[in-house]
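Colleague: Fold the following.
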Amino acid sequence: MNVQQVIRWLGMICILAGIARIGMTPTAIVWGTDSPQELTFGFIACVLMSVGTIGAYLVQSRETGAIGFIAVLAIIVANIVTTAMVWSAFVFGAGGPMPEGVMVDISRMINMVGMMLGTLVFAVVTFRAKVFPRWVPGLMALMLLTIFLPIGDNQYFAAFWGISYVGMGYCIWAGKLNQAALQRTDSLSA
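Modeller: All right, here's what the predicted structure looks like:
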């Protein structure tokens with residue numbers, strides 16, 4: 001398997017991660033926030049996003065450089081921390097006591113800063129890189145803006161987050177990238 005095929009399959013992982021993240025919204029509406037159904041979709045999405053985000057960086061690594069790498073690393077670390085937090089919710093149960101302490105507070109801080117700041121920086125460098133169509137970083141920015149919707153528990157945030165990953169993954173999988181990026185991934189596989 002060459003590099004281009006690996007990147008293409010990472011795009012498919014982005015699509016699957018986005019679909020899993022989108023699945024959190026209807027399950028939160030039907031069964032409630034932090035229900036086992038919603039958390040299952042969230043857990044799967046976090047694991048897949050931790051892997052798939054690598055593909056979104058690789059197709060534009062030359063254009064985004066070190067800043068893009070740091071932003072992607074922050075997103076991946078935040079997804080890993082979120083995976084651990086969701087796992088703890090499975091262990092303690094929905095009605096059980098939530099873990100407390102300094103480590104939990106640090107984990108939440110890493111999660112929020114890594115995810116929000118990492119996504120914001122990644123959206124900006126993706127926009128400037130001109131590898132993805134302009135609507136992809138637009139979806140990332142829209143996702144961040146949905147945090148401020150006056151809807152209880154931000155139930156729709158996950159849907160917009162998932163849509164941005166489906167869009168990124170589709171562009172990678174279908175080869176809907178800037179021609180220079182496609183030629184570079186072709187030369188990597190040669």
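Colleague: alpha carbons only for contacts and neighbour counts from here, please
Modeller: OK.
Colleague: what about residue 7, distance to residue 15?
Modeller: 13 Å (Cα to Cα, to the nearest Å).
Colleague: Looking at these two, which one has more neighbours?
Modeller: Taking neighbours as other Cα atoms under 10 Å, residue 7 and residue 15 compare with residue 15 leading, 27 against 22.
Colleague: mind listing what's buried in the longest helix along the chain?
Modeller: Identified as the longest helix of the chain according to DSSP state H is helix 61-92. Residues of helix 61-92 classed as buried by neighbour count (16 or more other Cα atoms under 10 Å): 61, 63-64, 68-83, 85-87, 89-90.
Colleague: State the distance from residue 30 to residue 154.
Modeller: Using Cα to Cα, residue 30 is found at 14 Å from residue 154.
Colleague: can you check residue 79 too?
Modeller: In terms of Cα to Cα, residue 79 sits 18 Å off from residue 154.
Colleague: got a list of what residue 55 touches?
Modeller: Taking Cα atoms under 8 Å, 6 or more residues apart in numbering, we find residue 55 in contact with 7, 8, 10, 11, 172.
Colleague: Which residues are in contact with the residue nearest the centre of the chain?
Modeller: Nearest residue to the geometric centre of the chain (Cα atoms, centre = their mean): residue 49, 4.8 Å. Residue 49 is in contact with 13, 14, 17, 18, 76, 79, counting by Cα under 8 Å, 6+ apart.
Colleague: let's go with 6 Å and repeat that
Modeller: Under the criterion of Cα atoms under 6 Å, 6 or more residues apart in numbering, the contact list for residue 49 reads residue 17.
Colleague: what angle sits between whichever helix or strand it is part of and helix 61-92?
Modeller: Following DSSP states H and E, one finds residue 49 within helix 36-58. Interaxial angle of helix 36-58 relative to helix 61-92 (axes from the mean of the first three to the mean of the last three Cα atoms, to 10 degrees): 160 degrees.
Colleague: Quick one: mean pLDDT for helix 36-58?
Modeller: Mean per-residue pLDDT for helix 36-58: 95.
Colleague: Just the C-alphas of that helix, formatted as PDB.
Modeller: Output in PDB follows, covering the C-alpha atoms of helix 36-58 (Å, rounded to 0.1, in the frame of the first residue of the first chain):
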ATOM      1  CA  PRO A  36     -25.100   5.400  26.900                       C
ATOM      2  CA  GLN A  37     -26.200   5.600  23.200                       C
ATOM      3  CA  GLU A  38     -24.800   9.100  22.800                       C
ATOM      4  CA  LEU A  39     -21.600   8.200  24.600                       C
ATOM      5  CA  THR A  40     -21.100   5.200  22.400                       C
ATOM      6  CA  PHE A  41     -21.300   7.300  19.300                       C
ATOM      7  CA  GLY A  42     -19.000   9.800  20.900                       C
ATOM      8  CA  PHE A  43     -16.400   7.200  21.900                       C
ATOM      9  CA  ILE A  44     -16.300   5.700  18.400                       C
ATOM     10  CA  ALA A  45     -16.000   9.200  16.900                       C
ATOM     11  CA  CYS A  46     -13.200  10.200  19.200                       C
ATOM     12  CA  VAL A  47     -11.100   7.100  18.300                       C
ATOM     13  CA  LEU A  48     -11.700   7.500  14.600                       C
ATOM     14  CA  MET A  49     -11.000  11.300  14.700                       C
ATOM     15  CA  SER A  50      -7.800  10.700  16.500                       C
ATOM     16  CA  VAL A  51      -6.600   8.700  13.500                       C
ATOM     17  CA  GLY A  52      -8.400  10.400  10.600                       C
ATOM     18  CA  THR A  53      -7.200  13.900  11.400                       C
ATOM     19  CA  ILE A  54      -3.700  12.700  10.400                       C
ATOM     20  CA  GLY A  55      -4.900  12.400   6.800                       C
ATOM     21  CA  ALA A  56      -6.300  16.000   6.800                       C
ATOM     22  CA  TYR A  57      -2.800  17.200   7.800                       C
ATOM     23  CA  LEU A  58      -0.900  15.000   5.400                       C
END
